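# Okay, sequence plus prediction incoming.
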Amino acid sequence: MPFQAACRIPPAGPGHYAGAARPGTQGLPSARNFTAVPSPAAPATRAEALAETLAERIVSGALKPGQRLDEQALAAEAGMSRTPVREALRRLTATGLVELRPHRGAVVASPAPDGLRAAFELLAEMEALCARWSALRMAPQERAALEELHHAMAALVRAGDRTGYRAANRRLHGLIYAGAHNPPLAEVAQSTHQRLAPFRGAQFEAPERLARSHAEHGQVVACLMRADAEGAAEAMRRHIFSSGASWESISGRPERSERRI
């Protein structure tokens, strides 16, 4: 498949929002203006986009612990049906950002730091394995596609396009999963990645995180291009721990070193 067809990066542009903000619904993506971006890792559905937006609001403190998330209000604000809203809340419940309470429905939770650190630790090891095998198994055209996508992401960093960068980031990690040519490993890595997607998406709200993320990708890609399996694994592990530390930074939670996370 031609690279441009598989990995086209959407143009930068401001987010679109529908209607006046209601409590618990600030900054939600409008269904009329949202276009899912295909990815080798996973397509960005409306539910995923909404979950990521809500996660950013929760992690940044715009939505407070205990605050109720009303399905109907969220659906009206985002300009979508209640079905993707329910799915978004289900995803956030699975991550621990949202919890369901009797007689109140979905409310913002205070996620347990140790549980999130354990999940980031698992993701770091799964992605490190993917990077290790990709370094040894990627075909020349797969390496070329990965390198081209990484270079294209530099424009998104310069533009400060967080939305476009998040979409391209999913593609880049998806290419590395695929490049490992180990479907069971890719499946575990992908499911863990999806579980942590709201937190990993929220990291890009931290100052300079786009540039740091792109630089970390550069270290991984450089190792993959020269078939350095150990270097690729270690660079990817550092990258995932760094994203976890960035989430802790913007959420106000204490950071730990990557060897203690």
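Ah, there it is.
# Name the helix or strand for Glu99, please.
strand 98-101 (DSSP states H and E).
# Quick check: buried residues in that strand?
Buried residues in strand 98-101, counted by 16 or more other Cβ atoms under 10 Å: Val98, Glu99. C-betas here are computed from N, CA, C, even on glycine.
# secondary structure class for the residue in the chain sticking out farthest from the centre?
Relative to the centre of the chain, and counting by Cα atoms, centre = their mean, the farthest-placed residue is His103 at 31.5 Å. With DSSP: H, G, I helix; E, B strand; the rest coil as the basis, His103 sits in coil.
# if we can go back for a sec, who does the strand holding Glu99 pair with, and is each partner parallel or antiparallel?
Strand pairing for strand 98-101, determined by DSSP bridges: strand 105-108 (antiparallel).
# which element follows the partner strand toward the C-terminus?
Taking DSSP H and E, what comes next after strand 105-108 is helix 113-137.
# How many residues are close by His151?
11 (other Cβ atoms under 10 Å).
# Confirm that it sits in a helix.
Yes. Assigned with three-state DSSP, His151 falls within a helix.
# For Ala51, see how far away it is.
29 Å (Cβ to Cβ, to the nearest Å).
# ditto for Glu99
Glu99 is 15 Å from Ala51, by Cβ to Cβ.
# And the helices in the protein?
For the chain, the helices defined by DSSP state H cover 3-6, 46-60, 71-78, 82-95, 113-137, 140-159, 162-179, 183-202, 209-225, 229-251.
# now the second one against helix 183-202, angle please.
Between the axes of helix 46-60 and helix 183-202, defined by axes from the mean of the first three to the mean of the last three Cα atoms, to 10 degrees, the angle is 50 degrees.
# Bridge partners for the nearest residue to Arg68 once chain neighbours are set aside, pull those for me.
Nearest residue to Arg68 in three dimensions, chain neighbours excluded: Val107, at 5.3 Å (Cβ to Cβ, 6 or more residues apart in numbering). Using DSSP bridges, the bridge partners assigned to Val107 are Arg68, Glu99.
# Run through the residues that contact Val107.
Applying Cβ atoms under 8 Å, 6 or more residues apart in numbering, one finds that Val107 lies in contact with Gly66, Gln67, Arg68, Leu69, Val98, Glu99, Leu100, Arg101.
# in the stretch 51-200 of the chain, which ranges drop under the pLDDT threshold?
59-61, 110-113, 198 (pLDDT under 70).
# Same list, the contacts of Val107, but as JSON lines with distance to Leu123 please.
Output for these, formatted as JSON lines (distance: Cβ to Cβ, whole Å):
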{"residue": "Gly66", "distance to Leu123": "28"}
{"residue": "Gln67", "distance to Leu123": "28"}
{"residue": "Arg68", "distance to Leu123": "30"}
{"residue": "Leu69", "distance to Leu123": "25"}
{"residue": "Val98", "distance to Leu123": "20"}
{"residue": "Glu99", "distance to Leu123": "22"}
{"residue": "Leu100", "distance to Leu123": "25"}
{"residue": "Arg101", "distance to Leu123": "28"}
